[in-house]
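Trainee: A predicted structure for the sequence below; I have some questions about it.
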Amino acid sequence: MFRAEAFAKTFEYAELFVQGLICTVSLSALTVVFGFILALALAVMRLSDIHVFRFLSRERQRSLTARGGALYALARFNPLRFLSTVYVEVFRATPMLVQLFIIYHVVLAGVGIPTFKLFGFIRFERFVPCVVALALNSAAYLCEIIRAGIQSIDGGQTEAARSLGMSPWKTMRFVVLPQAIKNILPAIGNEFVTIIKESSICYTVGVQDIMYAVTTVKSAIYTIAEPLIVATCVYFCLTFPTSKIIAHFERKMSAGDRRSGADTARVRKSKNLALKG
Amino acid sequence: MTNEKLIQVVDLKKHYNRGAIRALDGVSVDIDRGDVMVVIGPSGSGKSTFLRSLNLMEEPTGGAIYFEGQDITQKKVVMPDGKKVRLDIDAYRRKMGMVFQHFNLFPHMTILDNMTIAPVQVAGIPRAQAEEKAMALLSRVGLADRAGAYPLQLSGGQKQRVAIVRALAMEPQVMLFDEPTSALDPEMVGEVLDVMKELARDGMTMVVVTHEMGFAREVGNRVLFMDAGKLVEQGTPEDIFTRPQNPRLQDFLSKVL
């Protein structure tokens, strides 16, 4: 099925695979950054407590109690949550490829993205729509992960922080999010690996990622099996270490979960204190 | 200092489902500086809701809470120049320390970080100074050697002692205790009550919801008995425990004493 000479021929185009690797990595890295920021915003919107028609309820409380009636439904209407929910549902219910084509051929078609070559080979005007499409798509999934993570934190944590005078934002920043992110790190890791793999569809709009290298080599040496195997290996070498690195951070962040076992950072800190005291 | 009103609660109400459920049904009480007020009552009587309303952890549906003269249940305050500004509830919460039944320490931070997070991030105290103060407070409750530990490594009693000094680190005017010993193993109740007794001796204003009648008797200077969302009887521990007037209080005491 596989021929040694076909592999040898494929490796003659190693340069293309290296370029593809650089392209896939930058595509995924940018997607992760923008996707995560957008997802965080969407999650906060989804959990927000803004009711534009709250005056209709004539309640003096900041939080609205659940009650029946059309007036109450309107008073509880939260435009931010509505927008965020619609976004998440639409992006999760439509194919990634369709989203990419719509972004590339419709939404950003008329936008004058500067045409130059990133790192000397990535066509920027094709690269940007891919980052946008991937980030918008992964944000929808990440939003749900982050929301679940935030909601999994015990309400007592928020109460304790608020009782100390911390603002809602600082409570989120210092108390809820660090714990939530620790809990959802495995799920986020999964999503990051998924982004790397899904970025492979970007070759369809002509971005020179790993899959693009496969199609190029295929038409040069008239065989597809060997280039595909090489691409598979490159993808695996990318995703496997990624999940391992995330697992490492997961262990590091769960320092407070373990009762025993001398954590080096903790020992160092208590030593410093002993010296100070 | 005594007999100076710190908190004035006027006709406080907390109704659910259009008044079908009345967790608080018109509670009025004054809390003076230096008071150690103990709130007792059967479960579901509204005593926790009352305590949690004081720093607006629960939002009342009616009535008013005046803290140093300012009604904190209002969303806006009228400034001396007549301008209306948003009431900064966080500023008032800083003045009211709260201790919870389930401690609610931040599990991802060391004990020291638990102690310094609010002073540093909210009060803007330099970290070194906040740490020094935290260590002094931890020594006071005999936990200075655990500063570098995480909450999970502590026993329940130790956690609650940390929770108390964490609240004290913000230098509150009043400390609110919501059943601070209810989640503790019996042998750890004493160590927490000792810290609270010392706090009371130092003149801290305290409002304590508890089932520890011994503590109410020994440390409290005023005892409130609540039942069905109402303040049924109040008085000195002497009055409440030896000369209960209301039949419901008599019934309650006969069950718990």
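Mentor: Arrived safely.
Trainee: phi, psi for residue 70 please.
Mentor: Went with chain A since none was named. phi -70, psi -40 (degrees, to the nearest 10).
Trainee: actually chain B
Mentor: phi -100, psi 130.
Trainee: what is the neighbour count of the residue nearest to it when sequence neighbours are not counted?
Mentor: Residue nearest to residue B:70 in three dimensions, not counting chain neighbours: residue B:77, with 6.6 Å by CB to CB, 6 or more residues apart in numbering or on different chains. Using the backbone N, CA and C atoms, a C-beta is placed for each residue, glycine as well. Residue B:77 has 14 neighbouring residues, counting by other CB atoms under 10 Å in any protein chain shown.
Trainee: need the contact list for residue B:77.
Mentor: For residue B:77, the contact set (CB atoms under 8 Å, 6 or more residues apart in numbering or on different chains) comprises B:70, B:84, B:85, B:86, B:87.
Trainee: where's the third one, which helix or strand?
Mentor: In the assignment (DSSP states H and E), residue B:85 maps to strand B:84-86.
Trainee: that strand near chain A anywhere?
Mentor: No. Shown here: strand B:84-86 not in contact with chain A (CB under 8 Å from any CB of the partner chain), separated by at least 11.3 Å.
Trainee: that strand pairs with which strands, and in what direction?
Mentor: strand B:76-78 (antiparallel) (DSSP bridges).
Trainee: what is the mean pLDDT for the strand it pairs with?
Mentor: For strand B:76-78, the mean pLDDT works out to 85.
Trainee: and for stretch B:182-196?
Mentor: In the prediction, stretch B:182-196 has an average pLDDT of 94.
Trainee: just the buried positions in that stretch, please.
Mentor: Residues of stretch B:182-196 classed as buried: B:184, B:188, B:189, B:191, B:192, B:193, B:195, B:196 (neighbour count, 16 or more other CB atoms under 10 Å in any protein chain shown).
Trainee: same check, this time on stretch A:34-49
Mentor: A:34, A:35, A:36, A:38, A:39, A:40, A:42, A:43, A:44, A:45, A:46, A:47.
Trainee: elements contacting the longest helix along chain A?
Mentor: Taking DSSP state H as the criterion, chain A has its longest helix at helix A:14-46. Judged by 3 or more CB pairs under 8 Å, 6 or more residues apart in numbering or on different chains; DSSP states H and E, helix A:14-46 is in contact with helix A:79-93, strand A:122-123, helix A:124-151, helix A:177-198, helix A:210-221, helix A:225-253.
Trainee: swap in 6 Å and give it another go.
Mentor: Here helix A:14-46 touches helix A:79-93, helix A:124-151, helix A:177-198, helix A:210-221, going by 3 or more CB pairs under 6 Å, 6 or more residues apart in numbering or on different chains; DSSP states H and E.
Trainee: return the alpha-carbon coordinates of the next helix or strand after the first one using CSV.
Mentor: By that I understand helix A:79-93. Where DSSP H and E defines the elements, the next helix or strand beyond helix A:79-93 is helix A:96-101. Coordinates of each C-alpha in helix A:96-101 appear next as CSV, following Å, rounded to 0.1, in the frame of the first residue of the first chain:
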residue,chain,number,x,y,z
MET,A,96,-17.5,24.9,10.5
LEU,A,97,-16.9,24.7,6.7
VAL,A,98,-20.1,26.7,6.0
GLN,A,99,-19.0,29.3,8.6
LEU,A,100,-15.5,29.5,7.0
PHE,A,101,-16.9,30.0,3.5
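Trainee: what does helix A:96-101 rub up against?
Mentor: A:133, A:137, A:198, A:201 (CB atoms under 6 Å, 6 or more residues apart in numbering or on different chains).
Trainee: what number of residues lie near the residue in the stretch 51-200 of chain B positioned nearest to chain A?
Mentor: Relative to chain A, the nearest point of the stretch 51-200 of chain B is residue B:148 (2.8 Å; CB to the nearest CB). By other CB under 10 Å, 21 other residues sit near residue B:148.
Trainee: confirm that it sits in a helix.
Mentor: No. Using DSSP: H, G, I helix; E, B strand; the rest coil, the assignment for residue B:148 is coil, not a helix.
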